[in-house]
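Asks: Here is a sequence with its predicted model. Questions after.
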Amino acid sequence: MEPDELLTLVEVHLVNVLGHDSGRASVSFLGTDPIDVLRFGPDAEGLIRYATLGMSRAPMSGSSELTTEGPRAELLLSVRGAQDSVLRRLGVLAASPGVEGVVISAGAGLDLGEPLWDGARFTAVLVGEPGGLVSDLEGVQFLPLLPMTPNEAAWKRVHGTEALQERWLAQGCDLRDPARPEADLR
């Protein structure tokens with residue numbers, strides 16, 4: 001299947017699950033194909049979903065060499081209220097497999113080194129398990145992103161993904177709240 005055909009299927013799948021997009025932006029980096037970031041919502045709960053479209057164009061290989069083998073994925077961020085300055089930052093994360101040769105998978109921590117959106121306390125994301133809100137399609141996984149503060153990201157590196165998720169759960173952290181306090185890591 002040609003990459004453009006795959007992206008069309010991915011977009012149709014996203015629209016079938018999340019409804020028509022309420023906005024989009026395209027992000028390009030030197031030497032890479034553009035990444036679109038689509039905004040869906042708000043839904044009845046006031047949640048906005050941001051989904052990348054273009055990361056799945058090529059399989060992730062763990063190197064900068066082109067390959068036909070490897071997983072394909074798109075990224076999905078759910079947040080309460082519009083945070084449209086996240087669009088470029090999601091494009092950066094989605095371009096990282098092609099630019100840096102990384103494979104993004106569940107449990108990975110991705111650090112932007114800057115706020116995830118303007119004014120955010122979150123500078124990193126934890127990649128969640130696929131198959132939740134948006135099911136897999138034609139070998140493409142939809143990976144949810146969970147915002148992390150710098151301290152949470154550092155704590156995750158020492159104690160692991162599962163330990164951080166247990167902290168969030170035990171403390172009732174709403175990971176979709178753009179103003180949520182940092183988890184107690186003591």
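Replies: Sure, I can see it. Numbering: from 1, shown residues only.
Asks: Give me the three-state assignment for the nearest residue to V102 once chain neighbours are set aside.
Replies: With sequence-adjacent residues excluded and distances taken as C-beta to C-beta, 6 or more residues apart in numbering, V102 is closest to S96, at 5.4 Å. Every residue, glycine included, has its C-beta placed from N, CA and C. Secondary structure, DSSP: H, G, I helix; E, B strand; the rest coil: S96 is helix.
Asks: which residue is nearest the centroid of the chain?
Replies: When C-alpha atoms, centre = their mean is applied to the chain, the residue found nearest the centroid is L75 (3.3 Å).
Asks: can you map out the strands along this protein?
Replies: Remark: strands assigned in the chain by DSSP state E are 21-27, 35-40, 47-53, 72-80, 109-111, 124-127, 140-148.
Asks: elements contacting the last one?
Replies: I take that to be strand 140-148. helix 3-18, strand 72-80, strand 124-127 (3 or more C-beta pairs under 8 Å, 6 or more residues apart in numbering; DSSP states H and E).
Asks: export those to a markdown table and tack on mean pLDDT and distance to A106?
Replies: What follows is the helices and strands packed on strand 140-148, written out as a markdown table (pLDDT from 0 to 100; distance: least, C-beta to C-beta, whole Å):
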| stretch | mean pLDDT | distance to A106 |
| --- | --- | --- |
| helix 3-18 | 95 | 19 |
| strand 72-80 | 97 | 10 |
| strand 124-127 | 98 | 6 |
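Asks: Brilliant, that's me finished.
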